[in-house]
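Q: Provided below are the primary sequence and the corresponding predicted coordinates.
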Amino acid sequence: MILTIYIIILAYFVLGAVGFFFINRKKDPLTARENRNKFITYFIIIHILFLGIVFNPVGFKILGMVIILVGLWEIINLFRQSGYAGKGFFGLFLLIFLIFCTGFFRFSNADQGLILFTFLLVSIFDAFSQIIGQLLGKQKISPSISPGKTTEGFIGGTLIAIASSLLLRGLIDARITEALLISTGIVIFAFIGDMGISLYKRKYRVKDFGNLLPGHGGFMDRFDSLIAGGAFIALLELLGA
């Protein structure tokens with residue numbers, strides 16, 4: 001099963017590479033190079049997390065803590081760099097972030113198949129939302145919060161992620177309807193997490209948190225959706241669903 005999953009991952013990366021090829025044909029050399037760096041970094045990140053989930057459950061728990069702590073540092077550091085502006089907004093955002101992180105930490109202790117299912121769906125949604133958005137996107141979802149996100153990208157990424165849940169549902173031993181409902185919730189929470197971090201950056205008038213991950217504009221820009229998607233699964237387990 002794991003080998004089949006890995007082949008599926010590689011197939012998606014091939015599709016992504018084709019997408020970036022067509023995207024870069026219309027970009028200037030600097031932007032094209034940044035896109036290539038982003039693709040390579042994403043490839044490495046996916047493999048680190050995939051291996052951590054598959055071969056050592058404790059490894060993913062450690063990675064989960066690293067994601068939480070580095071993300072928390074980026075959020076607090078941006079607040080500090082702003083001169084501690086917007087204390088009320090920061091306090092509320094930090095509280096919500098910590099609630100999501102608590103759910104994500106609980107998620108890191110879930111069944112291996114459920115963790116892998118969630119991780120893959122979030123990754124597929126993230127990647128293909130960006131690719132389809134850059135290829136076909138015209139209608140901005142919320143230019144004031146996240147100028148790069150388009151309705152076309154969101155719909156395309158959502159459809160591919162939900163359809164992928166049918167290929168991956170063996171990981172959670174779910175019926176088709178269950179897989180579709182769970183994947184829909186994961187996608188919705190992943191989108192909320194992404195938009196929430198974008199709102200935070202816009203509040204403090206920055207485009208990126210930093211250059212920790214080449215081409216990704218910060219650690220949280222890469223893992224915000226995974227934290228939120230994991231929190232959704234934790235919520236389902238808490239509710240006994």
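A: Arrived safely, thanks for sending.
Q: roughly how far apart are the closest residue to residue 107 other than its chain neighbours and residue 116?
A: Here the nearest residue to residue 107 in space, its sequence neighbours aside, is residue 230; by Cβ to Cβ, 6 or more residues apart in numbering that works out to 3.5 Å. (C-beta placed from N, C-alpha, C; glycine too.) Counting by Cβ to Cβ, to the nearest Å, the gap from residue 230 to residue 116 is 12 Å.
Q: compare the two and say which is more crowded by neighbours.
A: More crowded of residue 230 and residue 116, by other Cβ atoms under 10 Å: residue 230, with 31 against 22.
Q: right, and that one touches residue 108 too?
A: Yes. Under the criterion of Cβ atoms under 8 Å, residue 230 lies in contact with residue 108, with a separation of 7.1 Å.
Q: what do the two both touch?
A: Residues touching both residue 230 and residue 108 comprise 64, 115, with contact defined as Cβ atoms under 8 Å, 6 or more residues apart in numbering.
Q: just the CA trace of the helix or strand in which residue 18 is found, in CSV.
A: Assigned by DSSP states H and E, residue 18 belongs to helix 2-24. Backbone C-alpha positions of helix 2-24 (Å, rounded to 0.1, in the frame of the first residue of the first chain) are rendered in CSV as follows:
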residue,chain,number,x,y,z
ILE,A,2,2.8,2.5,0.9
LEU,A,3,4.6,1.8,-2.3
THR,A,4,1.4,2.5,-4.2
ILE,A,5,0.9,5.8,-2.3
TYR,A,6,4.5,6.8,-3.1
ILE,A,7,3.9,6.2,-6.8
ILE,A,8,0.8,8.3,-6.6
ILE,A,9,2.9,11.1,-4.9
LEU,A,10,5.5,10.9,-7.7
ALA,A,11,2.7,11.0,-10.3
TYR,A,12,1.4,14.2,-8.8
PHE,A,13,4.8,15.7,-8.7
VAL,A,14,5.2,15.0,-12.4
LEU,A,15,1.9,16.7,-13.1
GLY,A,16,3.0,19.6,-10.9
ALA,A,17,6.3,19.9,-12.8
VAL,A,18,4.4,20.0,-16.1
GLY,A,19,2.2,22.7,-14.7
PHE,A,20,5.2,24.8,-13.5
PHE,A,21,6.8,24.3,-16.9
PHE,A,22,3.9,26.1,-18.6
ILE,A,23,3.7,28.7,-15.9
ASN,A,24,7.4,29.5,-16.2
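Q: quick one: buried residues of that helix?
A: 5, 9, 12, 13, 16, 19, 20, 23, 24 (16 or more other Cβ atoms under 10 Å).
Q: now stretch 136-147
A: Burial within stretch 136-147, assessed by neighbour count using 16+ other Cβ under 10 Å, is assigned to 137, 140, 141, 145, 146.
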